[in-house]
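Asker: Predicted model follows, preceded by the sequence.
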Amino acid sequence: PLAFGANNSGKGVGGSTLHYTAYTPRAQPDDLRMRTEFGVAADWPVDFHRDIEPYYNEIEQFLGVSGPANYPWGPARSQAYPLPPLPLNGAAQLMERGCTHLGIRTSPAANAALSARYYQPGIGWREACTNRGFCQAGCSTGAKASMDVTYLALARQHGAEIRPDSFATTFDRDTQGRITAVVYVQNGQTHRQRCNAVFLCAGAIETPRLLLINGLANSSGQVGRNLMAHTGLQIWGEFEEDVRPYKGIPGGLISEAMHRPFTGGSADFAGGYLLQSIGVMPVTYVGQMARGVGLWGQALHNAMSRYNHVAGINILGEGLPYDHNYLELSDEKDARGLPKPRTHFTNGENEQKMNAHADQVMRSIWAAAGAKNVWAFPRSAHIIGTCRMGHSPDEAVVDPYGKSYDVPNLYISDNSTFPSALSVNPALTIMALSLRTADHFLMNN
């Protein structure tokens, strides 16, 4: 089942970027062609080079992404990363050592955290990352490009008003079906905000939930369908070296050598996955050991005494859409009297085969790096899908620009619109699609 709460929430000014680790790899063009390449999932109704890559360039320059001068996978870049990569922490160095022994190519990862002081137009100077590793708890220096210090800060400069602690519940509509006002609750009081257009960006759970509660944008029957998640299996090991896994950017090293492992005949699944080194905070690691290994009491104390000598690798793999994975409304109500979302999710055969393949690869890397006491923590990451984009209103909720087929002035701009999960983290692509939607709206209104 999918884990919700701290790992997949987006509550707070800045959304889920408050706790993301700033990992910002680009999708590759074939990520958008899963139906064409493998006969599964769906092709995206957009072109990589025309519709997405220009926005990747713009976002990376605006955020101040730190990355390598020569990234070895994907199309040749038309624009270099604005900053050099962040230093490799202990886990990244150990993964690099193991991969080198096995002939697996690696690279410093692209991260939306500043490796040097950076000037952001419209905002000012942001200070460099101090490599304290607390990215998932929020960055105290503003080096991590969460939305509160980047796009929302810029929006405020241009007159936008941010209303925190507000929860949208319903909409007013006119006789043509257009939304005329958003109704929301703030501090126990109900408010109405009149509007000419609505951009719904609440993620792959709350976006379909709000639409289903109000019976909106679902003539296709696809709202809540195609719920996906990335396979995120982690492999942990202990080392003689003093790793200090709390130091540095959590994901310092990447390998996309397994982006399409079927090419070499070593895989029996569709899609692929990336490999990522992972650092970890003590409270996160102890929780995973308790659940993943079943340790408690003195045994858990003994294991945690070796915390400074642990390092991890995880995958981020393509998860396919299935009919049996979906979101619906529950009979149970929340504190506002609204139906809670109920999710149905089980990994399919493709994800199980991918995890098995990755398990062997990661254990081999750690063996080559000298790990002992190796153990696995199965998990899923990133909730995706539920409001698919497409060319036809019969099979999609929104068009290729994120505009609802049913409601003339409603746009959806989040990872719910993804037709497939991609084999990379979703943040950069969410931002790219959002800017593309904004440009389309401005040019047509």
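Answerer: Right, received. Where do you want to start?

Asker: quick one: contacts for residue 95?
Answerer: 106, 253, 275, 277, 311, 313, 365, 369 (CB atoms under 8 Å, 6 or more residues apart in numbering). C-beta coordinates here come from the backbone N, C-alpha and C atoms, glycine included.

Asker: And the furthest pair within the residues you listed?
Answerer: Taking CB to CB, the two most distant members of those are 106 and 311; they sit 14.2 Å apart.

Asker: what about these two, which has more around it?
Answerer: Neighbour count, other CB atoms under 10 Å: between residue 106 and residue 311, residue 311 has more, with 28 against 22.

Asker: Distance of the more buried one relative to residue 368?
Answerer: 13 Å (CB to CB, to the nearest Å).

Asker: same thing with residue 136?
Answerer: 28 Å.

Asker: same check, this time on residue 161
Answerer: Counting by CB to CB - residue 161 and residue 368 are separated by 54 Å.

Asker: now swap in residue 408 and tell me
Answerer: Counting by CB to CB, the gap from residue 408 to residue 368 is 58 Å.

Asker: Next: residue 356.
Answerer: In terms of CB to CB, residue 356 sits 19 Å off from residue 368.

Asker: Comparing these two, which residue is more hemmed in?
Answerer: Taking other CB under 10 Å, residue 356 and residue 368 do not tie; residue 368 has more neighbours (17 against 14).

Asker: That one belongs to a helix?
Answerer: Yes: using DSSP: H, G, I helix; E, B strand; the rest coil, the secondary structure at residue 368 is a helix.

Asker: Is it correct that it is in contact with residue 97?
Answerer: Yes: assessed by CB atoms under 8 Å, residue 368 is found in contact with residue 97 at 7.5 Å.

Asker: Residue 324: what's it in contact with?
Answerer: So residue 324 contacts 344, 346 (CB under 8 Å, 6+ apart).

Asker: low-scoring stretches of this protein, by residue?
Answerer: Applying pLDDT under 70 to the chain picks out residues 5-9, 263-265.

Asker: Which parts of it are helices?
Answerer: For the chain, the helices defined by DSSP state H occupy 34-38, 53-63, 90-102, 151-157, 203-214, 282-292, 297-304, 349-369, 427-444.

Asker: which residues sit against the fourth one?
Answerer: Outside of helix 151-157, the residues that reach it under the criterion CB under 8 Å, 6+ apart are 13, 14, 120, 122, 123, 160, 162, 431.

Asker: Which of these are buried? Put it as a ChimeraX command.
Answerer: This is how ChimeraX selects the buried members of the contacts of helix 151-157, with burial counted by 16 or more other CB atoms under 10 Å:
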select :14,120,123,431
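
Asker: In strands, which of the contacts of helix 151-157 fall?
Answerer: residue 120 (DSSP state E).

Asker: Among the helices of the chain, which comes closest to residue 166?
Answerer: Among the helices of the chain, helix 203-214 sits nearest to residue 166 (CB to CB), with 12.7 Å.

Asker: Name the residues of that closest one that come out as buried.
Answerer: Those would be 203, 204, 205, 206, 207, 208, 209, 210, 211, 212, 214, for helix 203-214 by 16+ other CB under 10 Å.

Asker: What is the nearest of the contacts of helix 151-157 to residue 77?
Answerer: Among the contacts of helix 151-157, residue 431 lies closest to residue 77 (CB to CB), at 17.0 Å.

Asker: where's the closest one relative to residue 17, distance?
Answerer: Distance, residue 431 to residue 17, using CB to CB: 9 Å.

Asker: What lies in contact with stretch 179-198?
Answerer: Contacts of stretch 179-198 (CB under 8 Å, 6+ apart): 163, 165-174, 336, 407, 409-411, 441, 445.

Asker: can you rerun that using 10 Å?
Answerer: Contacts to stretch 179-198, defined as CB atoms under 10 Å, 6 or more residues apart in numbering, come from residues 161, 163-174, 178, 200, 214, 216, 335-336, 338, 403-404, 407-412, 441, 445.

Asker: Tell me the buried residues in it?
Answerer: The neighbour-count check on stretch 179-198 (16+ other CB under 10 Å) flags 179, 181, 182, 184, 185, 198 as buried.

Asker: And the second one, how close does it get to residue 171?
Answerer: Spatial separation of residue 181 from residue 171 under the definition CB to CB is 7 Å.

Asker: again, but for the first one
Answerer: From residue 179 over to residue 171 the distance is 5 Å, taken as CB to CB.

Asker: Mind listing the shared neighbours of those two?
Answerer: Taking CB under 10 Å, 6+ apart as the criterion, residue 179 and residue 171 both touch 195, 198, 200, 214, 216, 407, 410.

Asker: Mind checking which of these are in strands?
Answerer: Filtering the shared contacts of residue 179 and residue 171 for strands - DSSP E - leaves 198, 200, 410.

Asker: Can you tell me which of these is closest to residue 257?
Answerer: residue 200 (37.5 Å).

Asker: Near residue 340, how many other residues are there?
Answerer: Residues near residue 340, counting by other CB under 10 Å, number 11.

Asker: typo on my end, it should be residue 266
Answerer: If we define neighbours as other CB under 10 Å, then residue 266 has 11 of them.

Asker: what's the spacing between the residue lying closest to it once chain neighbours are set aside and residue 107?
Answerer: Distances taken as CB to CB, 6 or more residues apart in numbering put residue 357 closest to residue 266, at 7.3 Å, once the chain neighbours are dropped. Residue 357 sits 21 Å away from residue 107, going by CB to CB.

Asker: ok, these two, which is more surrounded?
Answerer: Taking neighbours as other CB under 10 Å, residue 357 and residue 107 compare with residue 357 leading, 22 against 19.

Asker: Tell me how far that one lies from residue 364.
Answerer: Applying CB to CB to residue 357 and residue 364 gives a distance of 11 Å.

Asker: can you check residue 88 too?
Answerer: From residue 88 to residue 364 the distance is 20 Å (CB to CB).
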